[in-house]
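**Student:** here is the input, now give the coordinates:
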Amino acid sequence: MRRGAARPTRRTFELTRARVSVAVSIIYAIFGASAVFAELRSSRADNLPLAALSLASPPHELIAIGNATVDGVDNVLDSAEMLFTNSFDAGLLDGVQNVRIDLPDGSYLPGRLYGPSEPNGAAIVMMHGCTGLWAQGQPWTVAQGAIEKWGIELARDGFVALAIDSYTSRTPAGVEPHDFQVQCAGTAYAGAVDPYTTRVGDMDTAVDWLRYRLGSAARRVGALGWSQGAESVLVRSAETYAHENASRFDDPANEAAAQLATVAFYPGCGANLGFVEGSGIETSYWRPHHDVRLNHGGADPLNAACANRAQTAVDIYGSVSGSGHWIDYVEYPNAQHSFDGALTEWPAVRCAPDAAPSDFCAATDADIDSLEFLLARLVPNG
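**Tutor:** Numbering: from 1, shown residues only. Got it, this is the predicted structure:
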């Protein structure tokens, strides 16, 4: 963790990825993109004026894998692409569009997709905070400022970016969708959609949909989240289960489906996140499975718990730079919660090293450095 007058503080974290066998890669390629749908959480479906982009069609056409050589996750995904080649939908790479992901149980997830003109082979799933995905709480319009800014920039850099709306399709009967978009602490619908379980499942749905629909354009997948959505990405990035200090990646299917890089903006890291042996975060066993960058504001009351968890991951589990499961914890002095909220355009340059600490400089530096973090891990030869 680095500290300074205007410069952020940093900690680190990472874990070495296990090799995957040829047999496991073939099994995942055949079953991984479809079997997970059996575990998708149901949600209430409404009739909305949007053409469905169904997961159930077109049907899978099984084709030969050929000779596979396996040396990690990329090759597993290569095999999956060969099996599901005919699911590719080039129309999804045509600029920015709102999409509806229809699920086999009749439920659906809304989203906003940012398609690159020249795909780099990587995709990012973006998870909104507790005020929802949409600008001014109006579903099916444009995304809120930070998400829209990131989606456009990611597409410009060759990423497929998909922002998932976890709220709209789950609006209870008799409630206005606009009202259900706010689920922050102290509000009427606080936590109505669980960020530690249901929204983590939404991430998995999004990853499967991207790989099914876009094949080689989404071979490598990362995650990006804000506030409550950042809590969801921390759960999914973890090495262990939330309620058991045992590696999730003893199951090869989890290894094959793992995200490869994560960026989290100002999450909460209290006991509700899980990953504790007792009742408090002093017994935290959270640590990432892959490199995670966590951006937090020094003046954010949520910062202390996250800093403590990150330090534990470093001290006890060796989540340092170069470990493969680095927790790159960056604290921006004097920055508040949602410090990037007012920065709606992608920054051209970082703030000067001697600039006074501010939300603007925190947002500027965090955006530029976090994009570089993702590019280095998901587009290594880019």
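
**Student:** every contact and neighbour count from this point should use C-alpha atoms.
**Tutor:** Fine.

**Student:** residue 169 versus residue 107, what's the distance?
**Tutor:** The gap separating residue 107 from residue 169 is 8 Å, by C-alpha to C-alpha, to the nearest Å.

**Student:** actually, residue 349.
**Tutor:** Counting by C-alpha to C-alpha, the gap from residue 349 to residue 169 is 39 Å.

**Student:** neighbour count winner among the two?
**Tutor:** Neighbours per residue, other C-alpha atoms under 10 Å: of residue 349 and residue 169, the larger number sits with residue 169, 21 against 9.

**Student:** for the more buried one, which three-state class applies?
**Tutor:** helix (DSSP: H, G, I helix; E, B strand; the rest coil).

**Student:** so what's the closest residue to residue 182 other than its chain neighbours up against?
**Tutor:** Of all residues not flanking residue 182 in the chain, residue 131 sits nearest, at 4.4 Å (C-alpha to C-alpha, 6 or more residues apart in numbering). Residue 131 sits next to 137, 181, 182, 183, 184 when contact means C-alpha atoms under 8 Å, 6 or more residues apart in numbering.

**Student:** okay, and the helix or strand of this structure with the least pLDDT?
**Tutor:** helix 73-83 (a mean of 32; mean pLDDT, DSSP states H and E).

**Student:** tell me the strands beside the very next helix or strand once past that one, with direction?
**Tutor:** Sequence-wise, the next helix or strand downstream of helix 73-83 (DSSP states H and E) is strand 96-102. Sheet pairing of strand 96-102 (DSSP bridges) gives strand 53-54 (parallel), strand 108-114 (antiparallel).

**Student:** just for this structure, where's the confidence low?
**Tutor:** Applying pLDDT under 70 to the chain flags the ranges 1-87, 382.

**Student:** re earlier: any idea how far residue 93 is from the residue nearest to residue 182?
**Tutor:** Distance from residue 131 to residue 93, by C-alpha to C-alpha: 27 Å.

**Student:** all helices of the protein, in order?
**Tutor:** 22-35, 73-83, 145-156, 177-180, 198-214, 228-237, 252-257, 303-317, 359-378 (DSSP state H).

**Student:** output the contacting helices and strands for the third one.
**Tutor:** If I follow you right, that is helix 145-156. strand 108-114, strand 160-164 (3 or more C-alpha pairs under 8 Å, 6 or more residues apart in numbering; DSSP states H and E).

**Student:** residue 314 is nearest to which of those strands?
**Tutor:** Ranking the helices and strands packed on helix 145-156 by proximity to residue 314 (C-alpha to C-alpha) places strand 160-164 first, at 30.1 Å.

**Student:** residues in contact with that closest one?
**Tutor:** Residues from elsewhere that reach strand 160-164, judged by C-alpha under 8 Å, 6+ apart: 93, 109-116, 119, 122-128, 133, 147, 151, 154-155, 202-203, 206, 217-218.

**Student:** hmm, back to that, quick one: closest of the helices of the chain to residue 269.
**Tutor:** Residue 269 lies closest to helix 303-317 among these, at 5.0 Å (C-alpha to C-alpha).

**Student:** flag every buried residue along the closest one.
**Tutor:** Neighbour counts over helix 303-317 (16 or more other C-alpha atoms under 10 Å) mark 303-314, 317 as buried.

**Student:** please apply the same query to stretch 139-151.
**Tutor:** For stretch 139-151, a neighbour-count test (16+ other C-alpha under 10 Å) marks 139, 140, 142, 143, 144, 145, 146, 147, 148, 149, 150, 151 as buried.

**Student:** so the second one versus residue 198, what's the distance?
**Tutor:** Using C-alpha to C-alpha, one obtains 21 Å as the distance from residue 140 to residue 198.

**Student:** which residues sit in contact with residue 231?
**Tutor:** Taking C-alpha under 8 Å, 6+ apart, we find residue 231 in contact with 195, 196, 225, 264, 267, 268, 269, 273.

**Student:** got it, and residue 150?
**Tutor:** Contact analysis of residue 150 by C-alpha under 8 Å, 6+ apart lists residue 346.

**Student:** gap between it and residue 96?
**Tutor:** 12 Å.

**Student:** ok, residue 352 next?
**Tutor:** 33 Å.

**Student:** which one's more surrounded, the two?
**Tutor:** residue 96 (19 against 11).

**Student:** thought that one was touching residue 114?
**Tutor:** Yes. Using C-alpha atoms under 8 Å, residue 96 is in contact with residue 114, at 4.5 Å.

**Student:** shared neighbours, the two?
**Tutor:** Shared contacts of residue 96 and residue 114 (C-alpha under 8 Å, 6+ apart): residue 152.

**Student:** related to what we said a few turns ago, could you single out the most deeply buried of the helices and strands packed on helix 145-156?
**Tutor:** Comparing the helices and strands packed on helix 145-156 by mean neighbour count (mean count of other C-alpha atoms under 10 Å), strand 160-164 comes out on top with a mean of 29.
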